[in-house]
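Undergrad: Predicted model and sequence follow; I will ask about them next.
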Amino acid sequence: MVPLERETGDNLWVDNDLDDKRFPLAAEPAPVPHLILFRVASSSWHLFIFHHCVARENRSVEVVVATMGRHVLVIPYPAQGHVSPLMKLAHRISDHGIKVTFVTTESIHARLMAAMPDKDEELSQMQLVSIPDPWVNKKDLVHVTNSILTVMPVHLKDLIEKVNQTNVDEQITYVVADTAVGWALEIAKKMGIEGSALWPAGPVTLAMGLHIPKLIEAGIIDSYGNPIKSELIRLSKDIPAFSSTNLSWNSTDDPTIRQISFEYAFRLSQTAKISNWLLCNSFYELDSSSFDLIPNVLTLGPLLASNRPGSSAGNLWPNDPTCISWLDKQPAESVIYVAFGSTTFFKQKQFNELALGIELVGRPFLWVVPSVAEYPMSSHREYPSMERLLDGRPRKSVSSSFCCMFFFPLWMELNHGEPMHGSPFSLLPHTVDQLDNRFFICDIWKVGLGLDPDENGLVSRHQIKTKIENLLSDDGIKENALRLKEMARRSVCQGGSSANNFKTFIEALQN
């Protein structure tokens, strides 16, 4: 094992060798989150929010003769941000004539089916299969996590055995699993089935997670993920240093989330060892230094939604035609789009500051929330510029309507691209990989503006207003976004890095 080397100035260099020690969990307080304003290009490609880009518009779905005897099972972690990229990948595999079975829990399956605009079209291309929900109480995060790790594997194993015993000619020959359910690859391996894992978040977070055993061995963090020493960590000379007190799994003050985040991050090393490839929903040129640290990585992104009419792209919320109708009536680049994920709820005071800050900008805005019932401030009387609170997100591409968005900078959200063409972004890092993404957005790619909460943890309306206005008027940020946009466009076009990698992946599945 190559030892860690120290650089002058208290930086720590971490090599790329991995080992398989297992460690328990613990928790420690985390730093206060920050806001980011993030701008992207104003044409049909923007940074890494690319799902309905030029390449997609010009891409036709090939008619491919079915690859006999090849059957891929795809299984995501049961949450919107994980289901969507896995569904996009499943469609892309299916487009090449390979049989695909997409496996989700019963509750996710029901929502997928309800949200599909054209079930006959969607289900003619792949099988959507459910296994029982493993949890009893979905509001208990610890219980949900434990049940996904212990109960769900039993149901998946039973499903694979049933499929393989039912039809000898259509046995499952490959498994693609979300890294958060990497145990699916362990099950497959024991049954003689090869597989790969898809990492839906940012590459530097994956690289850091793979180095957890080294960080523990070097005495930087303990076996619970807590920092022992306050020093800077460099994964390589080409990646800026990270503070040992600000690692992604410790980026929240919720001890339960810290514990669970570290558990998932630690499991990455084992998942990497049993995967043919670590698939990433990104492109190599975006962060080549991080990708160079990841063994057997295959960048396939940005994954594009299927071109088939009626494709749901893995959305768990049905399309809202009244929302689309309203957006179609708005002037180009006039609407602020607000969304903070499907599992986040603000305290009322912060909710008010966000809404009032956006209201002060003087543009109409659309706010997407997990459940309208959870948000009482939803009328034009409180916020005249707000169209309304909306369950889910608009599915139709309405890129010309949006001028700015608020987001948590989760990579899954940043890669969602359905409603977000041609708009700047305001991002609110909170936990997991979001602070890593904030660092790259603001300091490396320079396509965003950071905002910080005050001593009470509140982001004020006045700061929000000022930063949005600065974002919209900053030509330098726009130029940087256009440059990244073009890099992404080239990566998915013929001969590009992601296009070539996807061809390699499909050929491996076929052969």
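TA: Structure received.
Undergrad: Span of stretch 223-239 from start to end?
TA: One end of stretch 223-239 sits 25 Å from the other (CA to CA, to the nearest Å).
Undergrad: If we go by neighbour counts, what in that stretch is buried?
TA: 223, 224, 225, 226, 227, 231, 233, 234, 235, 239 (16 or more other CB atoms under 10 Å). All C-beta atoms are positioned from the backbone trio N, CA, C, and that covers glycine.
Undergrad: got the residues you listed as a markdown table, with pLDDT columns?
TA: What follows is those, written out as a markdown table (pLDDT from 0 to 100):
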| residue | pLDDT |
| --- | --- |
| 223 | 93 |
| 224 | 91 |
| 225 | 93 |
| 226 | 92 |
| 227 | 93 |
| 231 | 87 |
| 233 | 91 |
| 234 | 90 |
| 235 | 91 |
| 239 | 89 |
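Undergrad: Return the closest of these with respect to residue 440.
TA: Distances from residue 440 to those, taken as CB to CB, are shortest for residue 239 (9.9 Å).
Undergrad: how long is stretch 210-229 from one end to the other?
TA: 19 Å.
Undergrad: correction: stretch 270-280
TA: Stretch 270-280: ends 17 Å apart by CA to CA.
Undergrad: Please identify the one among the buried residues of stretch 223-239 that lies nearest to residue 129.
TA: residue 225 (35.1 Å).
Undergrad: sec struct for that closest one, please.
TA: Following DSSP: H, G, I helix; E, B strand; the rest coil, we place residue 225 in the coil state.
Undergrad: Tell me the helix or strand right after the helix or strand of the chain with the lowest mean pLDDT.
TA: Among the helices and strands of the chain, helix 54-58 carries the lowest confidence by mean pLDDT, DSSP states H and E, at a mean of 34. Beyond helix 54-58 on the C-terminal side, the first helix or strand identified by DSSP states H and E is strand 71-75.
Undergrad: Pull that next one out as CSV, backbone CA atoms only.
TA: C-alpha atoms of strand 71-75 as CSV (Å, rounded to 0.1, in the frame of the first residue of the first chain):
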residue,chain,number,x,y,z
HIS,A,71,-31.4,-9.0,-20.5
VAL,A,72,-30.3,-6.1,-18.3
LEU,A,73,-31.9,-5.4,-14.9
VAL,A,74,-31.7,-1.8,-13.8
ILE,A,75,-32.3,-0.9,-10.1
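Undergrad: other SSEs contacting that strand?
TA: Secondary-structure packing of strand 71-75 (3 or more CB pairs under 8 Å, 6 or more residues apart in numbering; DSSP states H and E): helix 80-94, strand 99-105, helix 152-166, strand 174-178.
Undergrad: any chance of the buried residues of stretch 223-239 in TSV, with distance to residue 274 too?
TA: Formatted as TSV, the buried residues of stretch 223-239 follow (distance: CB to CB, whole Å):
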residue	distance to residue 274
223	22
224	25
225	22
226	28
227	29
231	32
233	26
234	28
235	23
239	26
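Undergrad: List the residues that contact residue 321.
TA: Residues near residue 321 by CB atoms under 8 Å, 6 or more residues apart in numbering: none.
Undergrad: where does the stretch 401-511 of the chain have low pLDDT?
TA: 401-435 (pLDDT under 70).
Undergrad: In it, what residue spans correspond to helices?
TA: Using DSSP state H, counting those that start in this stretch, the helices of the stretch 401-511 of the chain run over 411-414, 434-439, 461-473, 475-492, 497-510.
Undergrad: Break this structure down into its domains, please.
TA: 35-46+317-488, 67-204+255-310+497-510 (automatic domain parsing).
Undergrad: ok, and for whichever helix in the chain runs longest, which residues are buried?
TA: If you go by DSSP state H, the chain has its longest helix at helix 255-274. Within helix 255-274, the residues that count as buried by 16+ other CB under 10 Å are 257-272, 274.
Undergrad: repeat for stretch 78-86
TA: Across stretch 78-86, burial judged by 16+ other CB under 10 Å covers 78, 79, 80, 81, 82, 83, 84, 85, 86.
Undergrad: Ok, stretch 501-511 next?
TA: Those would be 501, 502, 505, 506, 509, for stretch 501-511 by 16+ other CB under 10 Å.
Undergrad: quick one: the last one and residue 301, what's the gap?
TA: In this case it means residue 509. 18 Å (CB to CB, to the nearest Å).
Undergrad: same deal with the third one?
TA: For residue 505, the distance to residue 301 equals 12 Å [CB to CB].
Undergrad: The nearest residue to residue 436 once chain neighbours are set aside sits in which helix or strand?
TA: Of all residues not flanking residue 436 in the chain, residue 205 sits nearest, at 4.9 Å (CB to CB, 6 or more residues apart in numbering). Element membership for residue 205, per DSSP H and E: helix 203-210.
Undergrad: Next, residue 279: secondary structure please.
TA: strand.
Undergrad: Which residues does it form beta bridges with?
TA: residue 198, residue 298 (DSSP bridges).
Undergrad: who are the neighbours in contact with it?
TA: By CB under 8 Å, 6+ apart, the contact list for residue 279 reads 89, 176, 196, 197, 198, 199, 298, 299, 300, 505.
Undergrad: So which of those is the closest to residue 465?
TA: The nearest member of the contacts of residue 279 to residue 465, counting by CB to CB, is residue 199 at 36.1 Å.
Undergrad: Cross-check the contact I'm expecting between the closest one and residue 290.
TA: No - counting by CB atoms under 8 Å, residue 199 stays clear of residue 290, with 11.2 Å between them.
Undergrad: residues bridging contact with these two, i.e. touching both?
TA: Jointly contacting residue 199 and residue 290 under the rule CB under 8 Å, 6+ apart are residue 206.
Undergrad: what's the farthest-apart pair in the contacts of residue 279?
TA: Farthest pair in the contacts of residue 279 (CB to CB) is 176 and 299. Separation: 15.0 Å.
Undergrad: Correct me if wrong: residue 437 contacts residue 248.
TA: No - counting by CB under 8 Å, residue 437 stays clear of residue 248, with 9.5 Å between them.
Undergrad: joint contacts of those two?
TA: residue 205.
Undergrad: what bits of this structure have low per-residue confidence?
TA: Residue ranges of the chain with pLDDT under 70: 1-68, 118-125, 305-319, 340-345, 369-435.
Undergrad: what do you get if the cut-off is 80, keeping everything else the same?
TA: 1-69, 116-125, 251-253, 304-325, 332-333, 336-347, 367-439, 450-451 (pLDDT under 80).
Undergrad: Tell me what angle the helix holding residue 205 forms with helix 255-274.
TA: Taking axes from the mean of the first three to the mean of the last three CA atoms, to 10 degrees, helix 203-210 and helix 255-274 form an angle of 90 degrees between their directions.
Undergrad: Counting by contacts, list what whichever helix or strand comes after helix 203-210 packs against.
TA: Counting by DSSP H and E, the element after helix 203-210 in chain order, helix or strand, is helix 212-217. Counting contacts by 3+ CB pairs under 8 Å, 6+ apart, helix 212-217 is packed against helix 255-274.
Undergrad: which non-adjacent residue is nearest residue 170?
TA: The shortest distance from residue 170 to any non-neighbouring residue, by CB to CB, 6+ apart, is to residue 71 (5.3 Å).
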